[in-house]
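Chemist: The following block contains a protein sequence and its predicted model.
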Amino acid sequence: MTTWKQPLRHSWRKIRLALDRLTGEWHPYIEARIPKVEMAKAMKSASIPSMAFFFLLGLSAAIATFGLLANSAPAIIGAMIIAPLMTPIMGLAYGVVQMSWSQIARSGITVMLGVGVVIGIGYLSARVIGLEVAGTEMLSRAFPTLLDLGVAIAAGAAGAFSLSRESIRSSVAGVAIAVALVPPLSVVGIGLALGRSAAADVGLSFRELGLFDAGMDIATGAFVLFLTNLTAIVAVAGMVMTLQGYARWRRGMAGLATTIIGAVILVQPLGDELHKLQVKSEALRLANTLPRTYPGIFEKALRVDTLSVRYQDDVVHLHIEGFIAEDRVEGAQERLNLYREMLEREIRESVVIETEVIPVQLLKFRSAALPAEEQPEGALTQLQPGVTSEPTNPARPESPSHEP
């Protein structure tokens, strides 16, 4: 038995040695989770706010508010990077699976104080600055969908897992960027400050977007987005902590189940918003493909500037604004009815389409294709700086001399 095993072992050693040389001694490494005692200390520390926490959160709120008012995505991303609000939320999830009232109370108070600070800074900044225009960055956070819930679920899982491994604990900052906790709260403050005096950015209309109460509707939608992120993060992070062995199974399951139920309740309104997004996408896709599918009926004579979707009495209302060529105005109603029928067939719902288009005269120009050496003489000299095409007079009359 021993005689045939020795050559096999020798061959296996050679194979492993060759693989180590080829891969640089690469081996999979399974890192052990952080001990329960250390995790408990870290979560207790996360639930107790410090002056540094509020100072950094205030700066993050200010950056987010200014970025939203300026409609600047890089500034908003910078605010998400330094926002420390994710830490007490992880502490709240840990308290839920431990069913520790003291941990839940500490983390909950810290989160609520943080929410108040961000909303307050957003409100005061908007009132002081005085801008009343809501740009796309603000409006994008007023319509949470199931996609936002999906982001929050993935972020909660990533945040809880990164806290349980020492080598990737710094990844929590990246999770905070992905889920965006501070910008929605800043939008709440700005929306409350604007109220009914809010004005939509160029090419947008509050009424067409379903925001009939302007700033208040924006604030409500943004707060629903924050609650979605908060609930989903706590629920999923609690599940991951439970799988990692940090939960008290008997007591923690009740709190975790309650949190999961809260997340499920949000599915219906978020699903409605996602469906609106899908209807809008299908309407745009159909508008782009019909000229190619039915070139004799539809032509690219309409340029869509804004397209919004809202529901009224279980009927999809599609509002379109844009420009149409003057020679295509005739028969536009028939083409619109045909477009509506095709859209209803695709989404299997009743659709009402409202359009506001401006007839324009479409002019097309094309530059000459002659080589440069064949261009008419003087065509380029007119474009050269300091050179005029006017004829020059080389013989200028001399002024009479005045000799004494």
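Modeler: Received the coordinates, thanks.

Chemist: Can you report how many residues lie near residue 93?
Modeler: Neighbour count of residue 93, defined by other CB atoms under 10 Å: 32. For every residue, glycine as well, the C-beta is placed using N, CA and C.

Chemist: mind starting the numbering at 33 from now?
Modeler: Fine by me, first position is 33 from now on; the one you just mentioned is residue 125.

Chemist: you'd agree it is up against residue 265?
Modeler: Yes - under the contact definition of CB atoms under 8 Å, residue 125 touches residue 265, with a separation of 7.0 Å.

Chemist: for the stretch 183-332 of the chain, what spans make up the strands?
Modeler: With DSSP state E, counting those that start in this stretch as the definition, the stretch 183-332 of the chain shows strands at residue ranges 231-232.

Chemist: residues shared between the contacts of residue 125 and residue 265?
Modeler: residue 188 (CB atoms under 8 Å, 6 or more residues apart in numbering).

Chemist: residues touching the spatially most central residue of the chain, list them.
Modeler: When the chain is reduced to its mean C-alpha position, the nearest residue by CA atoms, centre = their mean turns out to be residue 172, at 6.8 Å. Contacts for residue 172 were tallied using CB under 8 Å, 6+ apart; there are none.

Chemist: okay, it: pLDDT?
Modeler: If you check residue 172, the pLDDT there is 80.

Chemist: Check the gap between residue 111 and residue 190 for me.
Modeler: Applying CB to CB, to the nearest Å, one obtains 20 Å for the distance of residue 111 from residue 190.

Chemist: repeat for residue 129
Modeler: Applying CB to CB, the value for residue 129 to residue 190 is 17 Å.

Chemist: Looking at those two, which is more packed in?
Modeler: residue 129 (27 against 21).

Chemist: just checking, that one is part of a helix?
Modeler: Yes - remark: residue 129 belongs to a helix, assigned using DSSP: H, G, I helix; E, B strand; the rest coil.

Chemist: so it sits right up against residue 274, yeah?
Modeler: Yes - under the criterion of CB under 8 Å, residue 129 lies in contact with residue 274, with a separation of 5.4 Å.

Chemist: Just checking, which helix or strand of this structure averages the lowest pLDDT?
Modeler: Taking mean pLDDT, DSSP states H and E as the measure, strand 231-232 is the helix or strand of the chain with the lowest mean score, a mean of 55.

Chemist: any idea what sits nearest residue 121, other than its immediate chain neighbours?
Modeler: If the residues on either side of it in the chain are set aside, residue 121 comes closest to residue 265, at 5.6 Å by CB to CB, 6 or more residues apart in numbering.

Chemist: Now for the one you found: which residues touch it?
Modeler: If you count contacts by CB under 8 Å, 6+ apart, residue 265 has them with 118, 121-122, 125, 184, 187-188, 191, 211.

Chemist: I appreciate the help and will end here.
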